[in-house]
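S.K.: below are the sequence and a predicted model for it; my questions follow.
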Amino acid sequence: MPALSDLPEIIGFFSYSRDDDRDSDGGLSQLRRRIQNELRGQLGRSETTLRLWQDAEAIPPGTLWESQISGAVQQACFFIPIISPRVINSKFCQIEFQRFLAREKELGRTDLVFPIIYIRVPQLKDEARWREHPVLSVIGVRQYVDWSDFRFDLANPQVGRAVADFCGNIIAALERDAPDPRAEEETARKRATREAERLAEERAAEDRRRRDAEAEETARAAEEKRRRELAEAALNLAKEKEAAENEAQRRAKLDQAPPPAPGLVTKPHLKARPAVAALILIQGLTWEIGLLNDPPDMSAVNLLILIAPGALIAYVAGSLFMLRSPWVITQTLVAAAAAFLATGWIVLMVMPDVLSRDIAPGKMLLVSSVFTGFAVSLVAGLWSFLALKSLRENEGAPAQG
């Protein structure tokens, strides 16, 4: 697309307030002519190929000025608003301004508005205020010139130099190549593609970081679990090893102990003794009941009952003598004698009528024997229990008499 400076006819739009022009005795119209002439001179244009449009000069009397202004704005390729308090408060000036902004957008440009501050506007000093104004919000972000001091002396040579520089800026903008819409679309598309690729790369990188963090966390958890399992296995192995060593020491201790010699207490021997004592107690009570019957029951059953306790007493006594411990034998005989005397006294005290009965001395002796056997059985059973308890506390140790 060709530059605006190459157009056959260049038209600019001079937006101002007629009241400001009248109050300055046509100063703004004079300023417009100086800018127009400077542009023609710098671009080498004539009156027919470059015009700076002004409504007071271009609109004949009786013409529909609004349509003329709208048409001029649509033809203009640059816009010079003369800023004053009257201009920013004029709705017509605001309409001109908005129409050219639309025209500028059609041209695909954002640098064709060249504001001139003719009378100072306090709102431009306060950004919060000018950003809320429909005209000042555009001027505030554009490059403008402040010629508020020049309005008092437009014939000053400094004004001519300022006008020349101002026109130079306009020409520089007009000579810029207008953007090609297709090129702009392609540029925008490429920019969007690059942005999408950049966002995709960022997301991919974020996903990789997240996966790496999750993998690291999983590996750390697995390592911690492995260490914990190894520690538990080592502890269990140490416990098993300690238990095996203890068992080995116990077995070694048992293996080192001499075999039980005659006269030593053995487990089977001691375990059998409480049962024997219980049988003696039962048989002795049964024997006593049978003998004390009046008349005595000498049936075959009772005879068997009479014989069995004697055999059991003999077994207990033999077991004691097998221990070959004089101290145990002495204890047993003393306990038996004490039991004999005690049972005889108990018989006399508990059953005094026995003496008054006609009972043969032999039968009386048998009665006393029953109690004696009972007492001996209790002594043997108690001693067996104590010996067995000691044997359990000292596995494999010889019994001490």
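M.R.: Sure thing, it's come through.
S.K.: pLDDT below threshold where in this structure?
M.R.: For the chain, applying pLDDT under 70 flags the ranges 1, 56-66, 178-184, 257-401.
S.K.: can you show me the strands along it?
M.R.: 10-15, 50-53, 78-83, 116-117, 145-146 (DSSP state E).
S.K.: out of those, which comes closest to R191?
M.R.: Among the strands of the chain, strand 78-83 comes nearest to R191, with 28.1 Å by Cβ to Cβ. Where you see a C-beta, it was placed from the backbone N, CA and C, and this is true even at glycine.
S.K.: if you count contacts, what does the closest one end up packed against?
M.R.: For strand 78-83, the elements it packs on are strand 10-15, helix 27-43, helix 91-106, strand 116-117, helix 157-175, judged by 3 or more Cβ pairs under 8 Å, 6 or more residues apart in numbering; DSSP states H and E.
S.K.: so what angle separates the directions of the first one and helix 27-43?
M.R.: It refers to strand 10-15. For strand 10-15 against helix 27-43, the angle by axes from the mean of the first three to the mean of the last three Cα atoms, to 10 degrees is 160 degrees.
S.K.: contacting residues around strand 10-15?
M.R.: With contacts defined as Cβ atoms under 8 Å, 6 or more residues apart in numbering, strand 10-15 is touched by 4, 32, 35-36, 39, 43, 45, 49-54, 72-73, 75-82, 87, 93, 96-97, 100, 170, 174.
S.K.: may I see the strands of the chain organised as a markdown table, with distance to A219 added?
M.R.: Shown next, in a markdown table, are the strands of the chain (distance: least, Cβ to Cβ, whole Å):
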| stretch | distance to A219 |
| --- | --- |
| strand 10-15 | 72 |
| strand 50-53 | 77 |
| strand 78-83 | 68 |
| strand 116-117 | 69 |
| strand 145-146 | 68 |
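S.K.: please identify which of these is closest to L28.
M.R.: strand 78-83 (6.0 Å).
S.K.: what sits up against the closest one?
M.R.: In contact with strand 78-83 (Cβ under 8 Å, 6+ apart) are residues 4, 12-17, 20, 28, 31, 35, 52, 73, 87, 93, 96-97, 100, 104, 112-119, 121, 135, 139, 144, 170, 173-174.
S.K.: picking up where we left off before, got the helices and strands packed on strand 78-83 as JSON lines, with distance to E232 and mean neighbour count columns?
M.R.: Converted to JSON lines, these look like this (distance: least, Cβ to Cβ, whole Å; neighbours: other Cβ atoms under 10 Å):
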{"stretch": "strand 10-15", "distance to E232": "90", "mean neighbour count": "24"}
{"stretch": "helix 27-43", "distance to E232": "93", "mean neighbour count": "19"}
{"stretch": "helix 91-106", "distance to E232": "77", "mean neighbour count": "16"}
{"stretch": "strand 116-117", "distance to E232": "86", "mean neighbour count": "21"}
{"stretch": "helix 157-175", "distance to E232": "82", "mean neighbour count": "15"}
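S.K.: these into a markdown table, with extra columns for distance to E224?
M.R.: As requested, these are exported to a markdown table (distance: least, Cβ to Cβ, whole Å):
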| stretch | distance to E224 |
| --- | --- |
| strand 10-15 | 77 |
| helix 27-43 | 81 |
| helix 91-106 | 65 |
| strand 116-117 | 74 |
| helix 157-175 | 70 |
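S.K.: of all those, which lies closest to E229?
M.R.: With Cβ to Cβ as the measure, helix 91-106 is the member of those nearest E229 (72.6 Å).
S.K.: give me the angle between the closest one and strand 10-15.
M.R.: Angle, helix 91-106 to strand 10-15, by the same axes, to 10 degrees: 150 degrees.
S.K.: just the CA coordinates of helix 91-106, formatted as CSV?
M.R.: Only the C-alpha atoms of helix 91-106 are listed here, as CSV (Å, rounded to 0.1, in the frame of the first residue of the first chain):
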residue,chain,number,x,y,z
LYS,A,91,-19.9,18.5,21.2
PHE,A,92,-19.4,19.3,17.5
CYS,A,93,-15.6,19.3,18.0
GLN,A,94,-15.9,16.0,19.9
ILE,A,95,-17.9,14.6,16.9
GLU,A,96,-15.2,15.7,14.5
PHE,A,97,-12.6,14.1,16.7
GLN,A,98,-14.4,10.8,17.0
ARG,A,99,-15.1,10.6,13.2
PHE,A,100,-11.4,11.1,12.4
LEU,A,101,-10.4,8.4,14.9
ALA,A,102,-12.6,6.1,13.0
ARG,A,103,-11.0,7.3,9.7
GLU,A,104,-7.5,6.7,11.2
LYS,A,105,-8.5,3.2,12.1
GLU,A,106,-9.7,2.6,8.5
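S.K.: what helices and strands are in contact with it?
M.R.: The contact analysis (3+ Cβ pairs under 8 Å, 6+ apart) places helix 91-106 against strand 10-15, helix 65-75, strand 78-83.
S.K.: let's see 7 Å
M.R.: Packing contacts for helix 91-106, counted by 3 or more Cβ pairs under 7 Å, 6 or more residues apart in numbering; DSSP states H and E, involve strand 10-15, helix 65-75.
S.K.: identify the residues contacting it?
M.R.: Helix 91-106 has contacts (Cβ atoms under 7 Å, 6 or more residues apart in numbering) with 13, 15, 17, 69-70, 73-74, 76, 79, 81, 87, 110, 112-113, 134-135, 138.
S.K.: now, of those residues, which are buried?
M.R.: When the contacts of helix 91-106 are checked for burial by 16 or more other Cβ atoms under 10 Å, the buried set is 13, 15, 17, 69, 73, 76, 79, 81, 87, 112-113, 135, 138.
S.K.: reformat these as a markdown table; add distance to A213.
M.R.: Formatted as a markdown table, the buried ones among the contacts of helix 91-106 follow (distance: Cβ to Cβ, whole Å):
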| residue | distance to A213 |
| --- | --- |
| F13 | 62 |
| S15 | 62 |
| S17 | 67 |
| I69 | 66 |
| V73 | 61 |
| A76 | 61 |
| F79 | 57 |
| P81 | 59 |
| V87 | 62 |
| L112 | 54 |
| V113 | 53 |
| V135 | 55 |
| V138 | 50 |
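S.K.: from the residues you listed, pick the one nearest N236.
M.R.: Nearest to N236 among the buried ones among the contacts of helix 91-106, with distances taken as Cβ to Cβ, is V138, at 83.7 Å.
S.K.: so who does that closest one touch?
M.R.: Shown in contact with V138 (Cβ under 7 Å, 6+ apart): 101, 113.
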